[in-house]
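Visitor: Dropping the sequence and predicted coords here.
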Amino acid sequence: ATESVPSSEIITLTRHVLHDQMRLGAAATGDLTLLLTAIQVTSKFIATNVRKARLINLIGLAGDTNISGDEQKKLDVLSNDIMVNSLRASGKTAVLVSEELEDAIIIEEKNRGKYCVVFDPLDGSSNIDAGVNIGTIFGIYKLRPNSEGSIKDVLRPGSEMVAAGYTMYGSSANLVLSTGSGVNGYTLDAALGEFILTHPDIQIPPRGKIYSFNEGNAMFFHPPVLEYLKSIKYPASGKPYSARYIGSMVADVHRTFLYGGIFGYPDDKKNKTGKLRLLYEAFPMAFLTEQAGGIATTGTKRILDIIPEGIHERCPVFLGSKEDVQDLMKFYAV
Ligand code: P6P
């Protein structure tokens, strides 16, 4: 096939974010742009290692366990170290929270900047060996005024985040980002080493035809979830929804953003507060969901309004197409 001729308008992530910065005018110091550049570099590095993992024997256990008690895979550990070092070296951060680290990192004064980054360096890691799409998820808070960086800077509602995004590592590396004025998707052109704008202004369809729950937990589900699932699996219309569940949040959420429908990881009789982490899974995905015109709820509460008490706390998650999530919420309202 002939080489596809690149369009003359190649918009890189850096250029797109700089354009955003200019929109903000003098108020923007460029620090967020530089922080996002550091995150881009991290994503490229992790993408390379995920791709090579199957060749350079990074597969398999690193012999340690993380806060979630999951067996840590070597790629998890490597991705966390890459991310921490790159963010610290950027000189733009003050507090870092990682799923892989029990405690928050408070950046020493000489490297301290004005942003706090909460992240899961390699989410979906249980799928690494199977070659399933996995991803990095991140959320960014601005340091509180007069703060020198403490846990209080990240125990804040997700509505106070200034940016959030994820990078999905699959056949290509897709970085999806919002800095508070819509959601854009970028694809890594490995030859250029640049993330190129490929999905401008992502908008979740108002309704979809796909539901994405781990129904292996159905025997533990609470009634509102069971009733909702029944309503879309045995609809009066005779046209049930399709089930799609990858078991990697970044992949399931990415599909939901592009195709519509609903993704859910409910709280149930086994997982009393759900499984997904509030700070660096639920908040960033809820931020993106709302910026893309969708809804993200616990079933009874807007996720972005939750005030975290601990950096690793969990919360129930339902997110996706506005009308689908509103249908679910009706079963909690009765
Ligand atoms: P389950 C992966 O381990 C993860 O944290 C998310 O990426 C994913 O959505 C969820 O857990 C899958 O959990 O219980 O369905 O395997």
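Guide: Looks like it came in fine. Numbering: from 1, shown residues only.
Visitor: Can you name the residues of this structure that neighbour the ligand?
Guide: Proximity of the chain to the ligand (CB under 6 Å from any ligand atom) is limited to residues Asp123, Gly124, Ser126, Asn214, Gly247, Ser248, Met249, Asp252, Tyr265, Lys275. Backbone N, C-alpha and C define where each C-beta goes, glycine included.
Visitor: any idea which of the residues you listed is least confident?
Guide: Least confident of the residues of the chain next to the ligand in the model: Ser126, at 77.
Visitor: now the helices for the stretch 1-150 of the chain?
Guide: In the stretch 1-150 of the chain, the helices defined using DSSP state H, counting those that start in this stretch lie at 13-24, 31-53, 74-90.
Visitor: among those helices, which is nearest Pro205?
Guide: helix 13-24 (23.4 Å; CB to CB).
Visitor: Show me which residues of that closest one are buried.
Guide: Leu13, Thr14, His16, Val17, Leu18, Asp20, Gln21 (16 or more other CB atoms under 10 Å).
Visitor: Pick out whichever of the residues you listed sits closest to the ligand.
Guide: Nearest to the ligand, judged by CB to the nearest ligand atom, of the buried residues of helix 13-24 is Leu13 at 23.5 Å.
Visitor: residues in contact with that closest one?
Guide: Leu36, Gln40, Leu175, Leu177, Tyr186, Glu194, Phe195, Ile196, Leu197 (CB atoms under 8 Å, 6 or more residues apart in numbering).
Visitor: residues near the first one, how many?
Guide: Around Leu36 sit 28 other residues, with neighbours defined as other CB atoms under 10 Å.
Visitor: repeat for the fourth one
Guide: Here the count is done by other CB under 10 Å, and Leu177 has 26 residues near it.
Visitor: Could you list the low-confidence segments of the protein?
Guide: The model of the chain has pLDDT under 70 over residues 1-7, 24-27, 54-67, 69-73.
Visitor: how near is the spatially most central residue of the chain to Val253?
Guide: Centroid-nearest residue in the chain: Ile137, 3.6 Å away (criterion: CA atoms, centre = their mean). Separation of Ile137 from Val253 (CB to CB, to the nearest Å): 9 Å.
Visitor: Find the residues that touch each one of the two.
Guide: With CB under 8 Å, 6+ apart, Ile137 and Val253 have common neighbours Tyr166, Met285.
Visitor: And the buried residues of helix 13-24, which is closest to Val50?
Guide: Leu13 (18.8 Å).
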